[in-house]
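Chemist: This is a predicted model, with the sequence first.
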Amino acid sequence: MPALPDRSDTVVVGAGPGGLLAALRASGRSRTVVVLDQGGDIDERVRLRDAGSDEKHIITSGFGGAGLFSDGKLCLSHRIGSTIAHRFPAHEVEDRQHAIDELLRGGEDAPLHGADQAAARQLTERAQDLGLDYLHYPVRHIGSDQLVQMTAALRRHVESAASIQCGVVCVDVRPANADGYRWEVHAEAPGGKPVRLHTQNVVLAPGKIGAPWLRTLGARLNLVRAAAQPKLGFRLEGPRTMLDPLLAVATDPKVIWKAAAPRSEVRTHCVCYGGDVVPAAYQKLTLVGGHSTSDHEYDRTNTAVLATAGTDFPMSAGQVRSLVQDINQYSGDRVTAQSLGDFLTGTPTTRPVRDAASGFIPSIPDAAPGDLSALFPEPIVTLLRDYLQRLAKLCPQVLHQDNMLYGPAVERWADRFEVTDTMQSPGRPGLYLVGDGPGLTGGIIGAAESGWLAGDAIAATFTTAAAS
């Protein structure tokens, strides 16, 4: 690993899509950019995955972020994946997204789904008749099998513009008070060696896995933020054709039910046609995620189903973390599984998953059979049961009694930090917050776009300084 420079123009914390785009856009002639990530580089992550080493940790941390081994969906719409897109004209957002799409793919082809607007209108109307909202947007599906190759190409691009330092843990970020630099970044190099970097600009892009660290740092720096509002649920897995009425229209359909209580809703999230449910580790917690290859090779399909009970049962990130810890303890730190029929009746699943599932080969046959209906809060269970009944009116196979539920699944862990239109923390010149970690985006394109905005803002400051 090359030596860490102790002075630079910009330090980027996190080598996921947000951090990498920020590094690319901030770089330029005579501008030094350093990218830090606590996890392994691409080759190391792939080697450990192929060796069967603790996959649930490997898939969430390292160069490329959690997206490296994800389903690889590039959502191309101002309506999805970002809490800041509404600040800009829709055409401007989508122009940026399409430029990012081209950059990430590096010339590789991938199908774009969701172009049939007539079919989208019909599904929207059908959902509305059932009291549901269908959110339509075009999606380019890369597939988990092609992401490594594309991310490696992106790494070569970034490496030509910035110093990449994997295995370096960012410990703290403090205002600098010497040498004309605005910020000090305190980190630990491999082996625990402490290092200190002085820089004009810091881009914090730690991803979802870094959200708790960022929450603590934000409190120390008095950064303005709103508390996280987590969504809790499971991955629903069934036969390959389970969601065909939706997948005929879009590859990542969002079907949303807004219940009676304010801010109470349930929705599908990250549909994986012909794919896998996988265990994922976040801050020593075992959760579930999903992905599928570009050829959708398996005889099963899964989607996350996530609920928030709003004002009827508000949940903080700390409360959800404690709940997940209890569920993990119950399951021996394994994924918990329950058949759909048992979940609907409140009956614990006792048979092994491979025996309880029917009509498909389950993704996680060694998941711990259990009772998610007893482990989840009752208001959440009620919402999830009601939603499944409604979703089944669009997709009848959803209610197959031998479908499997894997949990827990959690989204929206992160506090939502306040930022300007340039992704800068108000009142903190040179401190930028991007991506999923500060609660501003969800997914590859949204995170990358926030990094693009931050990087452009940094580059503009150097251009202005040079002109003056």
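Modeler: Arrived safely, thanks for sending. Residues are numbered from 1 along each chain as shown.
Chemist: Okay, and residue 271 sits in which element?
Modeler: For residue 271, the host element (DSSP states H and E) is strand 264-273.
Chemist: what's the spacing between stretch 124-139 and its chain's center?
Modeler: 23 Å (C-alpha atoms, centre = their mean, to the nearest Å).
Chemist: I misspoke; the intended subject was stretch 224-234.
Modeler: When C-alpha coordinates are averaged (C-alpha atoms, centre = their mean), stretch 224-234 and its chain have centres 13 Å apart.
Chemist: What residues of that stretch count as buried?
Modeler: 225, 228, 229, 230, 231, 232, 233, 234 (16 or more other C-beta atoms under 10 Å). All C-beta atoms are positioned from the backbone trio N, CA, C, and that covers glycine.
Chemist: circling back: return the list of strands paired to the helix or strand following the strand holding residue 271, each annotated with direction.
Modeler: Next helix or strand after strand 264-273 toward the C-terminus (DSSP H and E): strand 276-282. Paired with strand 276-282 in the same sheet, following DSSP bridges, are strand 285-291 (antiparallel).
Chemist: now the strand it pairs with against strand 264-273, angle please.
Modeler: Here strand 285-291 runs at an angle of 60 degrees relative to strand 264-273 (axes from the mean of the first three to the mean of the last three C-alpha atoms, to 10 degrees).
Chemist: So for strand 285-291, mean pLDDT?
Modeler: The average pLDDT within strand 285-291 is 93.
Chemist: likewise stretch 441-452?
Modeler: Summarised as a single mean, pLDDT over stretch 441-452 is 95.
Chemist: so what secondary structure elements neighbour the strand holding residue 271?
Modeler: For strand 264-273, the packing partners by 3 or more C-beta pairs under 8 Å, 6 or more residues apart in numbering; DSSP states H and E come out as strand 231-239, helix 244-247, strand 254-258, strand 285-291, strand 300-309, helix 378-391.
Chemist: Among these, show the one with the smallest mean pLDDT.
Modeler: Per-segment confidence across these bottoms out at strand 285-291, which has a mean of 93 in mean pLDDT.
Chemist: can you count the residues close to residue 29?
Modeler: Per other C-beta atoms under 10 Å, the neighbour tally for residue 29 reads 5.
Chemist: show me where the stretch 1-150 of the chain has strands.
Modeler: 7-13, 33-37, 73-75, 112-113, 133-135, 139-141 (DSSP state E, counting those that start in this stretch).
Chemist: for the first one, which positions count as buried?
Modeler: Of the residues in strand 7-13, those buried by neighbour count under the rule 16+ other C-beta under 10 Å are 8, 9, 10, 11, 12, 13.
Chemist: Tell me which strands it pairs with, and in which orientation.
Modeler: Each strand that strand 7-13 pairs with, and the sense of that pairing, follows from DSSP bridges: strand 33-37 (parallel), strand 193-204 (parallel).
Chemist: And the average pLDDT for the first one is what?
Modeler: The average pLDDT for strand 33-37 rounds to 96.
Chemist: Now do that strand: everything it contacts.
Modeler: Outside strand 33-37, the residues within contact range by C-beta atoms under 8 Å, 6 or more residues apart in numbering are 4-5, 8-15, 19-20, 23, 26-27, 61-63, 158, 161-168, 170, 185, 187, 197, 199.
Chemist: The same query, at a cut-off of 6 Å, please.
Modeler: Contacts with strand 33-37, where a contact means C-beta atoms under 6 Å, 6 or more residues apart in numbering, come from 8, 10-13, 15, 23, 26-27, 63, 162-166, 168, 170.
Chemist: Show me how the record splits the protein into domains.
Modeler: As assigned by automatic domain parsing, the chain contains the domains 7-108+143-226+416-467, 229-411.
Chemist: Compare the ones you listed and give me the one nearest residue 122.
Modeler: Comparison of the domains of the chain against residue 122 by C-beta to C-beta identifies domain 229-411 as nearest, at 8.0 Å.
Chemist: what distance separates the closest one from the middle of the whole chain?
Modeler: Taking C-alpha atoms, centre = their mean, one finds the center of domain 229-411 at 16 Å from the center of the full chain.
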